[in-house]
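1. just coords:
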């Protein structure tokens, strides 16, 4: 028994070091990659290349109008906007057609049938690119709202400054409920286990990440990685495109934003659960990575709190027969304090409000559950329904599989 407790003691000591080091990582990232905001590059002259902006939408009547109108208000001088209706059964195609009729910069495409061997969004974007004429391609989602008319200008200037071939501007999350504000940053933090932005932006590191809400890339980069063909059966095509780009020697850059655009990922607890399970499955990809992520969250996010409670109970009830209980309890308390101090900063950076960081352990438990749910999907044994289409592994599910 004492051997187990001493091992727990060592893990807790490691947790103190890990959480303390994350303070330094946050500070370093803030200095190296300050978020983009609409005041940047206001006095910069120079040529801006043409951009083809592509938006795919399936049953997005609640969002597509706001998204397209915010893009039509961009001050970018050389903008081509292509909206692709992906087999929608609601008013999405009507909204796209109405807006396209009123502005010649906007073209409408209607996908009537899913191409065999392709997933919905990837097929829609492929069809859009076939008509695009821009030197740069920018991919976004229908639930994004561009809150600054300078969003594209700032992003392009930043890409030019960093000599990026592939720039992904991370969204500001619009969170309207308690659960969104609590869980979204916690799950985003889990992604950082594998996708630390400092490593992603380092050309010498193999780490690669992108967020499909905003991916701006040179056409030559898009063609270099084979377009959407290599990711045609991926639900997280953004991560995989980033990996292909970096492997091909393209300059990949990710950066957050302050006021350029927002997205509301999920509106209900059920959607949050299904969405983050899908994200973890698609981003981490392998059973080994998922299991290691579960281990990391358990060791460094959960065990310090379990240790603190266990130590206090043992001391207060007089059952602390192990001589190290008092030291262990103090150490567990230090690990918990370090953890919360980091999450106060991280939640503030995610625009959720720092006080939600006090409840990070609850969000971590949810994230741990989503990781375990993602493990169930490994090997294609479980179907995933996304935007009205059900997939099993790397193919569209049959009618019988959908009903099962």
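-> Alright, I've got the coordinates. Quick caveat, the model's predicted, so the values are computed rather than measured. Numbers count the residues shown, from 1 in each chain.
2. which SS class is the most centrally placed residue in the chain?
-> Geometric centre of the chain, nearest residue: residue 211, 5.2 Å, by C-alpha atoms, centre = their mean. Assigned with DSSP: H, G, I helix; E, B strand; the rest coil, residue 211 falls in the coil class.
3. Am I right that it is in contact with residue 172?
-> No: taking contacts as C-beta atoms under 8 Å, residue 211 lies outside contact range of residue 172: 11.4 Å. C-beta here means a position set from N, CA and C on the backbone, and glycine is covered the same way.
4. could you measure residue 137 against residue 55, distance?
-> As judged by C-beta to C-beta, to the nearest Å, residue 137 and residue 55 stand 12 Å apart.
5. what's the distance between the closest residue in space to residue 190 that isn't next to it in sequence and residue 263?
-> Nearest residue to residue 190, sequence neighbours excluded (C-beta to C-beta, 6 or more residues apart in numbering): residue 367, at 4.8 Å. Residue 367 sits 19 Å away from residue 263, going by C-beta to C-beta.
6. Which strands or helices does the lengthiest helix in the chain pack on?
-> Ordering each helix of the chain by length in residues (DSSP state H) puts helix 2-32 first. Packing contacts for helix 2-32, counted by 3 or more C-beta pairs under 8 Å, 6 or more residues apart in numbering; DSSP states H and E, involve helix 197-200, helix 303-316, helix 325-349.
7. which one of these lies closest to residue 229?
-> Nearest to residue 229, of all the helices and strands packed on helix 2-32, is helix 197-200, at 23.4 Å by C-beta to C-beta.
8. Give me the neighbour count for residue 167.
-> Other residues within reach of residue 167, judged by other C-beta atoms under 10 Å, total 26.
9. these two touch, right, it and residue 157?
-> No: Residue 167 is beyond contact range of residue 157, at 10.6 Å (criterion: C-beta under 8 Å).
10. in stretch 254-261, what's buried?
-> 254-257, 259-261 (16 or more other C-beta atoms under 10 Å).
11. Pick out the most distant pair among the residues you listed.
-> 254 and 259 (17.6 Å).
12. quick one: pLDDT of the residue of the chain positioned farthest from its centre?
-> Most distant residue from the mean C-alpha position of the chain: residue 318, 47.0 Å away (C-alpha atoms, centre = their mean). Looking at residue 318, its pLDDT is 72.
13. Ok, residue 394 next?
-> pLDDT at residue 394 comes out at 46.
14. Over to residue 45?
-> Note for residue 45: predicted pLDDT of 68.
15. do residue 296 as well
-> pLDDT, residue 296: 95.
16. Now for it, how many residues are close by?
-> By other C-beta under 10 Å, 15 other residues sit near residue 296.
17. wait, what's in contact with it?
-> Residue 296 is in contact with residue 193, counting by C-beta atoms under 8 Å, 6 or more residues apart in numbering.
18. related to what we said a few turns ago, which SS state does the residue farthest from the centre of the chain fall under?
-> coil.
19. Same question for residue 193.
-> Once three-state DSSP is applied, residue 193 turns out coil.
20. pLDDT value on it, please?
-> 86.
21. sorry, back to before: just the element for the residue nearest to residue 190, please.
-> Per DSSP states H and E: residue 367 is located in helix 360-375.
22. quick one: residue 253 from residue 310, how far?
-> 45 Å.
23. Please identify which of those two sits among more neighbours.
-> The neighbour count for residue 253 versus residue 310, taken as other C-beta under 10 Å, is higher for residue 253 (22 against 18).
24. ok but the more buried one is inside a helix, no?
-> No: under the criterion used here (three-state DSSP), residue 253 is strand, not part of a helix.
25. who's in contact with it?
-> By C-beta under 8 Å, 6+ apart, the neighbours of residue 253 are 159, 162, 164, 166-168, 201.
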